[in-house]
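K.L.:
Fold the following, please.
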Amino acid sequence: MRSQNVVELSIGGMTCATCAGRVEKKLNKMPGVTASVNFATETAHVSYEPSVTVDDLVATVVATGYSATPPVVEEEAASVETERDPLRDRLIGSIVLSIPVVLLSMIPALQFDNWQWAALTLAAPVVTWGAWPFHRAALLNARHATATMDTLISLGVAASFLWSLYALFIGDAGMTGMKMPLDLFARSVTEQHLYLEVGAALTTFLLAGRWFEHRAKRTAGSALRALLHLGAKQVTLLVDGREQTAPIEQLKVGDVFVVRPGEKIATDGVVVEGASAVDASMLTGESVPVEVGPGSDVVGATVNAGGRLIVRATRVGADTQLAQIAKLVTEAQSGKAPVQRLADRISSVFVPAVILIALGTFAGWLAVTGNVTAAFTAAVAVLIVACPCALGLATPTALLVGTGRGAQLGVLIRGPEVLESTRRVDTILLDKTGTVTTGVMALAGLSPAEGFTNDKLIWYAGSLEQASEHPIARAIAAAAPELSKVEDFTALPGLGASGVVDGRTVLVGRASLLSDNGVTVPEEGARADMTSVAVAVDGQFAGWVHVADTVKPTSSDAIAALRREGLRPVLLTGDAAGPAGLVAAQVGIASADVVSGVLPSGKVDAVRELQQRGAVVAMVGDGVNDAAALAAADLGLAMGTGTDAAIEAADLTLVRGDLTATVDAIRLSRATLRNIKQNLFWAFAYNLVLIPLAALGLVTPVLAGLAMAFSSIFVVLNSLRLFRFRGYSAAAE
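P.N.:
Okay, the predicted model is just below:
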């Protein structure tokens, strides 16, 4: 398999979904090129083989009639935004000139002698200069023997203006004293009717719609732009014990840098010195600061909320977690959901079909009424009211907002096709360790033998285990309120440890270790649902210390929320039945829904077995052992705190290591899909209803232009509602 390069091209000159479809089609015809063009973001996500160059891609787009450039860097983008907006200038000029034209044309009382010539003088700049973007695009389309929404607009504006010129210079409409009544329907117009207000008002409405649409699309992408701006711009490097400030671009893997209280951590790294609390809410959505110390991993763009930290950089630039998040979000926004494919197919044939309908409308009215003006009015209304733009915006704008909002909440959607999967899922498999639980052992109970108290038991065990690095030993040592010095410590791999505490010989470990050393260990007191560690002091059994994996505080509520979403939670773990059952009971999962003692291959088998029974399965995991099951499931969700293998195999990545993020992922994905379907329904219904009404003469060209502009704005505004989506923790308050 040959390697693929990837580039994001900014596409200029696209005015509707049909434009995006044409650019995409041309790029995909190039050998070794796979492209997806997003009208909402005005970008093309292109994968291409080394035999193809970026210049080749740009040349193909230019030959199609559009411009293409690699994305501008941040400084360039900032300067571009400060430049004057030509679309805004055209809109303001068109508004100023169009208002008197519309008033004169629609209010007979204002029509003074020769008013029509004043209206022509005011309307001419609007339908030429104001509407030039539409005319230019239509001419460009004609050169390539294609048609887009701009073709319809240009035809409508030009036809209305040319008809008015004909009526003024050849017909009787230019006579002094001519009055034009307000006509709401095509059948009531007269031979002297002018359409200057149609051309002027239509241009103004559409310019306004395009300007608001442009502003709304920028708002839709604000979440991703905010994400990209989270990173620190400078770093304080520690060189030979001296601090020196440098641009973030100079930071390299292995460099040591200082993070003062309140500062952003410059890049991903590991704490070398210092202790603090780190606020990761901007990146993960997690509101509770995380305590860090020497050896703790930290993520770039998070904020040091406490003491001074010295950090060694482990990842910089495009390898950081922030950069990977931004990449995933961008790729998701560049794709296409299955529900968009129908809209794409319709948009490709829509404009030619509308032109045929308009010609048919003209011929039909002419045959039935013999009124050329009425026939012309109805045909122009059909051209104007038909707008495939809303169809093209329906999916990309919702994806743009939904994935951006997800990034703010710590939910990364790998691609738009994932949205369909979340709708169908009915069963969710939950890995235990690291997903439902913290993966950190903690003291769960004490069973002292006769002659020992809880405090004495944990004091002896903790004092000995403080010298061990084993996770169970650390949990026991951490639970002891006070510790004494241990002497002659000996680790016994697979069995336990021995040593001298306060002059007394202590053994801690398996029951077999104590038995081998002549200690009688009673069976009562050991727990099957926990890890029970036996303790002996000077050859006498002292009791059992029970440790267990700690359930995350939010797991129980999150599982209840998943049930409310219609999902059946199943606990899937390689742990023994006892500990698995204990965790299940703590979080509210029925014993019948616990699958324990499974190897990685067994997790895949569990997924497939449920699928064979007809279930649509989601899998949540965080370890290498979960990667195969995540890939096999209909929907894979990886904890962002887990391994790279698990994240790579998943469809959704949960940046914060909290099961409530799973609830957010499911709910947000479903809300985004629901929003897409609402947009598509509106776009289809709008055209199905208004095109026949326009053909019947029940919609005038002016009203048609207003309705067309509103349809696109409605779709974008409906998508922006996803910004109001509240995460689980906020919704639960």
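
K.L.:
Return the set of buried residues in stretch 56-76.
P.N.:
For stretch 56-76, a neighbour-count test (16 or more other CB atoms under 10 Å) marks 57-58, 60-61, 64-66, 68 as buried. C-betas here are computed from N, CA, C, even on glycine.

K.L.:
Would you mind giving those as a markdown table with pLDDT, distance to Gly451 and secondary structure added?
P.N.:
A markdown table is the format used below for the buried residues of stretch 56-76 (pLDDT from 0 to 100; distance: CB to CB, whole Å; DSSP: H, G, I helix; E, B strand; the rest coil):
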| residue | pLDDT | distance to Gly451 | secondary structure |
| --- | --- | --- | --- |
| Leu57 | 90 | 81 | helix |
| Val58 | 89 | 84 | helix |
| Thr60 | 90 | 86 | helix |
| Val61 | 89 | 85 | helix |
| Thr64 | 83 | 88 | helix |
| Gly65 | 80 | 92 | coil |
| Tyr66 | 84 | 87 | coil |
| Ala68 | 85 | 83 | strand |
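
K.L.:
Nearest to Ile170 among these?
P.N.:
The nearest member of the buried residues of stretch 56-76 to Ile170, counting by CB to CB, is Gly65 at 35.2 Å.

K.L.:
leaving aside the residues next to it on the chain, what's closest to the closest one?
P.N.:
Leu140 (4.3 Å; CB to CB, 6 or more residues apart in numbering).

K.L.:
is it true that that neighbour touches Ser67?
P.N.:
No. Under the criterion of CB atoms under 8 Å, Leu140 is not in contact with Ser67, lying 11.4 Å apart.

K.L.:
residues bridging contact with the two, i.e. touching both?
P.N.:
Counting by CB atoms under 8 Å, 6 or more residues apart in numbering, the residues touching both Leu140 and Ser67 are Gly13.

K.L.:
Low-confidence ranges, the stretch 151-300 of the chain, go.
P.N.:
In the predicted model, the stretch 151-300 of the chain carries pLDDT under 70 at residues 181-193, 209, 212-230, 280-289.

K.L.:
Which parts of it are strands?
P.N.:
For the stretch 151-300 of the chain, applying DSSP state E, counting those that start in this stretch gives strands covering 234-239, 242-247, 256-259, 268-273, 276-279, 290-292, 297-298.

K.L.:
In TSV: those strands, plus distance to Ile95 and mean neighbour count.
P.N.:
Shown next, in TSV, are the strands of the stretch 151-300 of the chain (distance: least, CB to CB, whole Å; neighbours: other CB atoms under 10 Å):
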stretch	distance to Ile95	mean neighbour count
strand 234-239	45	18
strand 242-247	45	11
strand 256-259	52	22
strand 268-273	51	19
strand 276-279	47	20
strand 290-292	53	18
strand 297-298	53	18
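
K.L.:
how about these in CSV, adding distance to Ala707?
P.N.:
Formatted as CSV, those follow (distance: least, CB to CB, whole Å):
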stretch, distance to Ala707
strand 234-239, 52
strand 242-247, 52
strand 256-259, 56
strand 268-273, 51
strand 276-279, 48
strand 290-292, 52
strand 297-298, 54
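
K.L.:
Just say helix, strand or coil for Ser498.
P.N.:
What DSSP: H, G, I helix; E, B strand; the rest coil gives for Ser498 is strand.

K.L.:
which ones are touching it?
P.N.:
464, 488-490, 492, 505-508.

K.L.:
Who is it paired with across the strands?
P.N.:
Thr490, Leu507 (DSSP bridges).

K.L.:
Thank you, goodbye.
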